[in-house]
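Peer 1: The following block contains a protein sequence and its predicted model.
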Amino acid sequence: MRAVVAKSGNAENPLAGLFIGEHPDPVVPDGWVRVAVKAAALNHHDVWTLRGVATAAENLPIVLGSDASGVLDDGREVIVHAVIGDPSKGDETLDPKRSLLSEVHNGTHAEYVTVPAYNVIDKPDFLSFEEAACLPTAWLTAYRMLFTKSGLQKGDTVLIQGAGGGVATALIQLAHAAGFITWVTSREEAKREYAKSLGADEVFESGARLPGKVDAVMESVGEATWSHSMRSLRPGGRIVICGATSGANPPADLNRLFFLQLEVVGSTMGTRAEFEALVKFMGETGLRPHVQKVVSLEDAQIAYELMISGDVLGKLVIVP
């Protein structure tokens with residue numbers, strides 16, 4: 001089969017380890033299913049793999065990609081749930097041995113991917129294959145942050161740090177649809193305007209003084225925005241963090257944390273049940289992911305270059 005493969009990791013030149021070409025067809029273990037991939041989305045996780053961070057060197061070479069929609073051998077149209085874990089524990093994201101597709105098992109940027117039978121859900125007719133492929137990582141992460149972890153109620157104010165990428169885009173659209181007052185920051189005017197087009201009520205330059213305090217902050221940037229996130233919260237407010245792309249060790253600001261009784265909550269991906277709830281919510285609200293660009297598998301490097309450059313508004317999708 002044809003696939004996009006990480007052959008090595010290189011922090012300075014991530015594309016050095018990128019290979020697009022023939023790769024062995026997947027074997028289907030007992031209890032697993034084979035998905036003929038119709039569309040697969042990119043995430044920052046794929047770039048971290050090429051940088052030598054997201055998986056151990058001994059797992060390379062490995063097919064990249066965590067997100068996909070496609071068709072099973074019996075013709076059923078499905079979306080792939082990317083968290084490979086033990087659902088008997090009640091929350092597969094808390095399984096100490098859980099992994100994301102393309103960390104231990106070959107990923108989705110290929111003509112075929114195999115996953116446990118538990119890890120597919122039905123693709124509804126109202127989503128195209130390209131739209132459905134955007135959901136498993138970025139949109140599921142955003143859904144869990146907002147609806148499981150944040151404690152927000154309709155009418156509350158949420159601050160989303162950063163705009164443009166997959167998680168931020170999903171957060172803005174989901175927050176607006178849920179009736180939260182949605183404030184968004186970005187360093188770039190074009191991305192602030194993009195956030196407005198997605199439903200942001202107010203947009204601000206990164207680090208700008210806000211007109212009031214917020215009930216919760218959705219944080220994925222890390223060091224560059226952490227102090228601003230802490231200062232922006234009302235007493236008793238909450239930061240939900242799913243990533244730290246600008247650095248993982250900001251000043252903790254413990255005095256503010258305890259004096260204002262703030263909460264910091266970590267969030268990673270989501271469960272299969274949350275994934276099904278996300279798809280149901282999209283059907284009820286008419287939400288659809290914004291796809292910036294669709295490329296063929298042979299042209300996948302174009303999408304990877306866009307992801308590395310940060311020139312992303314929405315999702316990038318590969319069609320085998």
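Peer 2: On my side now, so go ahead.
Peer 1: Now do the same for the closest residue to Leu146 other than its chain neighbours: its pLDDT.
Peer 2: Once flanking residues are discounted, Leu146 sits nearest to Leu174: 5.5 Å by CB to CB, 6 or more residues apart in numbering. No exception for glycine: its C-beta is placed from N, CA and C like everyone else's. Note on Leu174: pLDDT of 98.
Peer 1: Pull stretch 298-317 out as CSV, backbone CA atoms only.
Peer 2: The C-alpha trace of stretch 298-317 is given here as CSV (Å, rounded to 0.1, in the frame of the first residue of the first chain):
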residue,chain,number,x,y,z
GLU,A,298,1.4,11.7,-3.0
ASP,A,299,1.4,15.4,-2.3
ALA,A,300,1.2,15.0,1.5
GLN,A,301,4.5,16.9,2.0
ILE,A,302,2.7,20.1,1.0
ALA,A,303,0.4,19.7,4.0
TYR,A,304,3.2,18.8,6.3
GLU,A,305,5.1,22.0,5.2
LEU,A,306,2.1,24.1,6.0
MET,A,307,1.8,22.5,9.4
ILE,A,308,5.4,23.1,10.2
SER,A,309,5.3,26.7,9.0
GLY,A,310,2.2,27.4,11.2
ASP,A,311,0.3,28.8,8.2
VAL,A,312,-2.8,26.9,9.1
LEU,A,313,-6.4,28.0,9.3
GLY,A,314,-8.5,25.0,10.1
LYS,A,315,-7.6,21.4,9.1
LEU,A,316,-5.4,19.9,6.5
VAL,A,317,-6.6,16.6,5.0
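Peer 1: Closest to the centroid, which residue in the chain?
Peer 2: The chain has Ala138 as the residue nearest its centroid, 2.0 Å off, counting by CA atoms, centre = their mean.
Peer 1: roughly how far apart are Met230 and Gly155?
Peer 2: For Met230, the distance to Gly155 equals 23 Å [CB to CB, to the nearest Å].
Peer 1: who has more neighbours, those two?
Peer 2: Neighbour count, other CB atoms under 10 Å: between Met230 and Gly155, Met230 has more, with 21 against 9.
Peer 1: That one - nearest residue in space that isn't next to it in sequence?
Peer 2: Spatial nearest neighbour of Met230, chain neighbours left out: Asp253 (5.0 Å); criterion: CB to CB, 6+ apart.
Peer 1: Which residues outside the host helix or strand of Ile79 are in contact with it?
Peer 2: Element membership of Ile79, judged by DSSP states H and E, is strand 77-80. Applying CB atoms under 8 Å, 6 or more residues apart in numbering, the contact partners of strand 77-80 are 35, 67-72, 101, 108, 113, 115, 119-123, 127, 129, 132-133, 135-136, 275, 279.
Peer 1: same check, this time on stretch 108-115
Peer 2: Counting by CB under 8 Å, 6+ apart, 1-4, 23, 25-29, 32-37, 40, 46, 63-68, 70, 80-82, 84, 101-102, 105-107, 297, 300, 318, 320 sit against stretch 108-115.
Peer 1: you'd agree Ser232 is up against Lys213?
Peer 2: Yes - with contact defined as CB atoms under 8 Å, Ser232 reaches Lys213; the gap is 6.5 Å.
Peer 1: Settle this for me: the residue nearest to Leu146 is touching Tyr143, isn't it.
Peer 2: Yes - contact criterion CB under 8 Å: Leu174 and Tyr143 qualify, at 6.2 Å.
Peer 1: Can you check the pLDDT for Leu15?
Peer 2: Leu15 carries a pLDDT score of 97 in this model.
Peer 1: what about it, is that helix, strand or coil?
Peer 2: At Leu15, secondary structure determined by DSSP: H, G, I helix; E, B strand; the rest coil is helix.
Peer 1: Next one: it from Ala110, what distance?
Peer 2: For Leu15, the distance to Ala110 (CB to CB) stands at 18 Å.
Peer 1: Could you double-check that Lys191 lies in contact with Gly164?
Peer 2: Yes - Lys191 is within contact range of Gly164, at 4.4 Å (criterion: CB under 8 Å).
Peer 1: Spit out the residues that contact the two alike.
Peer 2: Residues touching both Lys191 and Gly164 (CB under 8 Å, 6+ apart) are Leu313.
Peer 1: Show me which of Leu15 and Ala110 is the more surrounded one.
Peer 2: Remark: of Leu15 and Ala110, Ala110 carries more neighbours, 25 against 12, as counted by other CB under 10 Å.
Peer 1: Mind listing the residues bridging to the closest residue to the more buried one other than its chain neighbours?
Peer 2: By the measure of CB to CB, 6+ apart, the closest residue to Ala110 outside its immediate chain neighbours is Ala3, 3.6 Å from it. Going by DSSP bridges, Ala3 is paired in beta bridges with Gly21, Ala110.
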